[in-house]
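Student: Any chance you could fold what I've pasted below:
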Amino acid sequence: MAEPRYEEVGVGTRLPTLTHILCRGDLVVYAGASGDFNPIHWSERAAARAGLPTVIAHGMLTLGIALRTVTAWAGREAVLECGARFAAPVSVPDTDEGVEIVADGIVAEKLGEGRVRVELTVRCGGEKVLARPRAVVRLS
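Tutor: Numbering: from 1, shown residues only. Okay, here's the model as predicted:
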């Protein structure tokens, strides 16, 4: 897919939906890459002690997965900034099926100088797991 051009994009332009299956092994890989070895991301006992139903995904991993919606649309180098609040934990079962994260986005504002603000919606099990996820992207 060709990267979008600023002149051709308008407020309301929808980004393609991304569906990602997240498994326990992904949490291990992310922990190693990020250095975040908090046991709530790998130990059932630690998750239970913290009052969680099971092991949960790292919040920044969830945001990173959601941002793939933007990078698939505009390219990795296009993302200038991003942010979100963590609204709900993503419980990751100890199964081969894992858990499904679904993300989509919409151009919310044209900022000028080739930049647009994209607002994302990120759900797991039908529940929004990130609040106000957004990115500023530079288009050609």
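Student: can you map out the strands along the protein?
Tutor: Assigned by DSSP state E, the chain shows strands spanning 18-22, 79-86, 99-112, 115-124, 127-128, 130-138.
Student: gap between the shortest one and the chain center?
Tutor: In terms of CA atoms, centre = their mean, to the nearest Å, the centre of strand 127-128 is set 12 Å apart from its chain centre.
Student: and Pro16, what does it touch?
Tutor: By CB atoms under 8 Å, 6 or more residues apart in numbering, Pro16 lies in contact with Met1, Thr69, Ala72, Trp73, Asp104. All C-beta spots, glycine's among them, are computed from the backbone N, C-alpha and C.
Student: so how far is Arg76 from the closest residue to Thr19 other than its chain neighbours?
Tutor: Of all residues not flanking Thr19 in the chain, Val102 sits nearest, at 5.2 Å (CB to CB, 6 or more residues apart in numbering). Remark: distance between Val102 and Arg76 (CB to CB, to the nearest Å) = 21 Å.
Student: go on, Ile56?
Tutor: In terms of CB to CB, Ile56 sits 26 Å off from Arg76.
Student: Neighbour count for the two, which is higher?
Tutor: Ile56 (21 against 10; other CB atoms under 10 Å).
Student: Which pLDDT value belongs to that one?
Tutor: With respect to pLDDT, Ile56 has a value of 98.
Student: Bridge partners for Val137, pull those for me.
Tutor: Assessed by DSSP bridges, Val137 has beta-bridge partners Val79, Val116.
Student: Give me the local confidence score for the most centrally placed residue in the chain.
Tutor: Nearest to the mean C-alpha position of the chain, by CA atoms, centre = their mean, lies Ala66 at 2.1 Å. Ala66 carries a pLDDT value of 97.
Student: Now render the strands of the chain as TSV, adding mean neighbour count and distance to Ala33.
Tutor: Output for the strands of the chain, formatted as TSV (neighbours: other CB atoms under 10 Å; distance: least, CB to CB, whole Å):
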stretch	mean neighbour count	distance to Ala33
strand 18-22	16	15
strand 79-86	14	17
strand 99-112	17	18
strand 115-124	20	20
strand 127-128	12	26
strand 130-138	19	20
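Student: Could you dump those into CSV with mean pLDDT and distance to Leu52 added?
Tutor: Output for the strands of the chain, formatted as CSV (pLDDT from 0 to 100; distance: least, CB to CB, whole Å):
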stretch, mean pLDDT, distance to Leu52
strand 18-22, 98, 16
strand 79-86, 98, 13
strand 99-112, 98, 14
strand 115-124, 98, 14
strand 127-128, 98, 15
strand 130-138, 98, 17
